[in-house]
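Trainee: Return a 3D structure for these sequence lines:
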Amino acid sequence: MGDERPIGVFDSGAGGLTVLRAIRDRLPLERTIYVADLLHFPYGPRYQHEVKTFAFDIIRYLESRDVKLVVIACNTATAAALNQARELFDVPIVGVISPGAQAAVEATRKGLVGVISTEGTRMSQEYLHAIKEVDPMIGVYQKACPELVDIVEAGEADSPLAEAALRRDLAEIVDLGADVLVLGCTHYPLLKGSIDRAFPGAFTLVDSAATTAAMVERRLDHARMRSELGDNDGDHELLVTATPDRLGEVAEILFGERVPHVREINLWD
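Mentor: All right, here's what the predicted structure looks like:
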């Protein structure tokens, strides 16, 4: 008997849609509920205790919706909230850092990994810890690249502007000789083309969206919680905590397609 309950996914904005899309591509029979906390966007520059509070409130809401698993589709929120959330909530919770760290260690041949992220994720050192936990001998260089989020949100991910910013931001990582680059923000997978043009053949790119979707599949299989009905296509909710039009507009810019109706919810009075 399959488990037809939905998967809950959340982020501070539209970046987590890259994770949602990867999950839906990998697990097309699953229902999903996506929450974008645009009321508090962006999480990157905020204090960790703030982000943790927002994350707990969203998880509490998703738990009330009887989701079978929660995906924190945000590196900053994963760093701030994942470990404690797993202690507080009964629902299984998957973050985006551990899957990316594991994939990076498996991919590197030189033993040198670069990680680009928001400032909040960099300050947390969670990628460093996660990579070192898998293999203590791996060298890790972390760099915060907040401008890249703005570039992606503006629809300029595949542009000369993005390439120029990447040449500046990634120069140190290239000089150090890292052969793997972890895209430690859910906006960054949209920059793959520009990265390849700016530094052709320099890196194996580790995409947190794809690695997290694979982790979700493994967790569902292990717990025997996969949907089996096969009639859930289109049964997906997109929710925001503010300005619902913005998610649709940004999603269209990010993916070149319209998204289903977006509904606003109030989690904070």
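
Trainee: Three-state assignment for residue 14, please.
Mentor: The three-state assignment at residue 14 reads coil, by DSSP: H, G, I helix; E, B strand; the rest coil.

Trainee: whoops, I mixed them up, residue 60
Mentor: helix.

Trainee: so where is the stretch 151-269 of the chain shaky, pLDDT-wise?
Mentor: Per-residue confidence for the stretch 151-269 of the chain (pLDDT under 70) gives these ranges: 230-234, 254-257.

Trainee: Can you show me the strands along it?
Mentor: 180-184, 204-207, 236-240, 262-264 (DSSP state E, counting those that start in this stretch).

Trainee: Format those as JSON lines; extra columns: mean neighbour count and distance to residue 251.
Mentor: Quick note: C-beta positions are derived from backbone N, CA and C, even for glycine. Shown next, in JSON lines, are the strands of the stretch 151-269 of the chain (neighbours: other CB atoms under 10 Å; distance: least, CB to CB, whole Å):
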{"stretch": "strand 180-184", "mean neighbour count": "28", "distance to residue 251": "19"}
{"stretch": "strand 204-207", "mean neighbour count": "20", "distance to residue 251": "18"}
{"stretch": "strand 236-240", "mean neighbour count": "20", "distance to residue 251": "8"}
{"stretch": "strand 262-264", "mean neighbour count": "15", "distance to residue 251": "8"}
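
Trainee: Now distance to residue 246 too, for these, in a markdown table please.
Mentor: Listed next are those as a markdown table, based on distance: least, CB to CB, whole Å:
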| stretch | distance to residue 246 |
| --- | --- |
| strand 180-184 | 23 |
| strand 204-207 | 24 |
| strand 236-240 | 8 |
| strand 262-264 | 9 |
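
Trainee: among these, which is nearest residue 96?
Mentor: For residue 96, the closest of those is strand 180-184, at 8.3 Å, according to CB to CB.

Trainee: what does the closest one rub up against?
Mentor: For strand 180-184, the surrounding residues in contact (CB atoms under 8 Å, 6 or more residues apart in numbering) are 75, 97, 100-101, 104, 107-108, 112-118, 121, 127, 142, 170, 173, 189, 191-192, 195, 202-208.

Trainee: Show me just the buried residues among the residues you listed.
Mentor: 75, 97, 100-101, 104, 107-108, 112-118, 121, 127, 142, 170, 173, 189, 191, 195, 202-208 (16 or more other CB atoms under 10 Å).

Trainee: mind giving me the domain ranges of this structure?
Mentor: Annotated domains of the chain cover 7-95+210-264, 97-208 [automatic domain parsing].
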